[in-house]
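1. could you look at this predicted model? Sequence included:
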Amino acid sequence: MESERRPRLSPSMADLRRAVRELLPADGLVLVGLSGGADSLALAAATAFEAPRAGLRAGAVIVNHGLQAESSEVAATAASQARELGLDPVLVLPVTVAPGGEGEGPEAAARTARYAAFDRALAQTGARHLLLGHTLDDQAETVLLGLARGSGPTSLWGMAPRNGAYLRPLLGIRRRQTRQACFDAGLVPWDDPHNADPRFRRVRVRETVLPTLERELGPGVAESLSRTAEQLREDAEALDALVLELTPEICEPAEAGIAISVAALSANPPALRQRIIRFVAESEFGVSLERVHTLAVARLVTDWHGQEALDLPGVRVVRQHGWLILSRPGHAQSKGPSRPHGTSRH
């Protein structure tokens with residue numbers, strides 16, 4: 001009787017299982033972030049199948065955002081589905097979605113609350129990793145939204161398959177495949193009404209922008225955007241590795257902060273020069289400089305004609321005696337590095 005109830009392996013189910021298998025860690029407990037929607041439900045089913053065969057335990061965490069009248073019922077149904085799949089432990093975590101901060105809309109506020117709950121779940125269970133159901137379509141939407149914001153290459157990298165404790169096995173899987181996998185496995189996903197609400201930018205990209213691009217430019221736009229994100233991420237990782245290698249050699253502690261050699265910055269191409277500036281500002285002062293800021297700092301290197309100090313958000317930059325000296329705003333600038341040679345803390 002049991003063999004009769006077991007769903008026949010379909011191509012979509014096989015694709016999801018393969019994707020999960022390739023990204024599972026070597027040992028420990030993994031959790032699946034489960035909303036009850038097709039993407040996360042298909043991921044949960046694939047993980048429930050693959051994890052025991054890899055010698056792993058697998059559980060699920062369901063975040064109840066409380067944003068809809070049926071939120072508690074949806075969370076309870078998702079938890080029941082997770083248990084039926086054999087996932088254990090299964091956590092249901094209610095959260096309060098605070099009003100968005102400056103520049104933060106309801107989507108971002110919900111995301112902040114959700115990831116805080118995921119972090120609690122990891123700490124509570126001792127799980128090593130949490131699997132998320134973002135698909136290739138989500139990746140394409142993320143890249144398009146980044147292009148629209150003009151927020152630089154970082155946003156165009158999209159989502160990484162591995163990001164600390166978070167794993168995204170389905171970035172090569174289309175959304176239609178997850179829905180088909182649920183159907184083939186006899187699973188009934190929840191359709192979040194927010195996913196069809198045009199008030200949200202991501203929904204407009206999903207329902208209008210991407211279909212228009214596919215219609216006007218031909219099929220394969222989503223896959224092309226996803227490949228672009230992957231290629232940009234590979235390039236960025238290589239450049240970031242160079243920054244980590246170069247920075248200790250060209251920085252010195254200064255009396256009020258850190259100093260970077262102007263000659264060394266000048267000798268490097270703009271991509272590395274600006275990454276070094278951003279890296280030093282963030283690692284020393286916790287400041288995330290925007291491109292307009294890094295360009296202004298770079299002009300102290302490439303277009304020097306005696307400019308005054310730059311007062312940027314969270315950091316002050318001045319050129320003195322062949323060094324760019326970065327310090328906290330309000331600190332008196334030193335006359336240069338505090339020692340003639342050696343390396344900094346970086």
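-> Perfect, thanks for sending it. Residues are numbered from 1 along each chain as shown.

2. which residues in this protein form helices?
-> Taking DSSP state H, the helices of the chain run over residues 2-5, 11-23, 38-53, 71-84, 106-125, 136-149, 153-156, 175-185, 201-204, 210-217, 221-250, 262-267, 270-285, 291-302.

3. nearest residue to the middle of the protein?
-> Nearest to the mean C-alpha position of the chain, by CA atoms, centre = their mean, lies residue 159 at 4.6 Å.

4. which residues does that residue contact?
-> Residue 159 is in contact with 134, 138, 139, 142, 168, 171, 229, counting by CB atoms under 8 Å, 6 or more residues apart in numbering. Any C-beta I mention is one placed from the backbone N, CA and C, and that applies to glycine too.

5. most surrounded residue in those residues?
-> The most crowded member of the contacts of residue 159, judged by other CB atoms under 10 Å, is residue 139 (26 neighbours).

6. so who does that one touch?
-> 158, 159, 171, 222, 225, 226, 229.

7. ok, now residue 184?
-> 7, 8, 10, 12, 13.

8. repeat that for residue 118.
-> Taking CB under 8 Å, 6+ apart, one finds 31, 33, 61, 63, 130, 166 in contact with residue 118.

9. so the closest residue to residue 214 other than its chain neighbours versus residue 209, what's the distance?
-> The shortest distance from residue 214 to any residue that is not its chain neighbour, by CB to CB, 6 or more residues apart in numbering, is 5.2 Å, and that residue is residue 221. When CB to CB, to the nearest Å is applied, the distance between residue 221 and residue 209 equals 10 Å.

10. next: residue 41.
-> With distances defined as CB to CB, the gap from residue 41 to residue 209 amounts to 26 Å.

11. quick one: which of the two has more around it?
-> Counting neighbours by other CB under 10 Å for residue 41 and for residue 209 shows that residue 41 has the greater number, 27 against 18.

12. what's the spacing between the more buried one and residue 238?
-> As it turns out, when the distance is counted by CB to CB, residue 41 lies 37 Å from residue 238.

13. pull out the buried residues from stretch 59-76.
-> Judged by neighbour count (16 or more other CB atoms under 10 Å), stretch 59-76 contains these buried residues: 59, 60, 61, 62, 63, 64, 65, 74, 75.

14. cool, and stretch 288-305?
-> Going by 16+ other CB under 10 Å, stretch 288-305 has these buried residues: 289, 293, 294, 296, 297, 298, 300, 301.

15. how distant is it from the center of its chain?
-> What separates the centre of stretch 288-305 from the centre of its chain is 27 Å, taken as CA atoms, centre = their mean, to the nearest Å.

16. averaged pLDDT, that stretch. What do you get?
-> Mean pLDDT, taken over the full extent of stretch 288-305, equals 93.

17. what's the answer for stretch 265-276, then?
-> Computed over stretch 265-276, the average pLDDT equals 94.

18. ok, stretch 33-50 next?
-> The predicted model assigns stretch 33-50 a mean pLDDT of 97.
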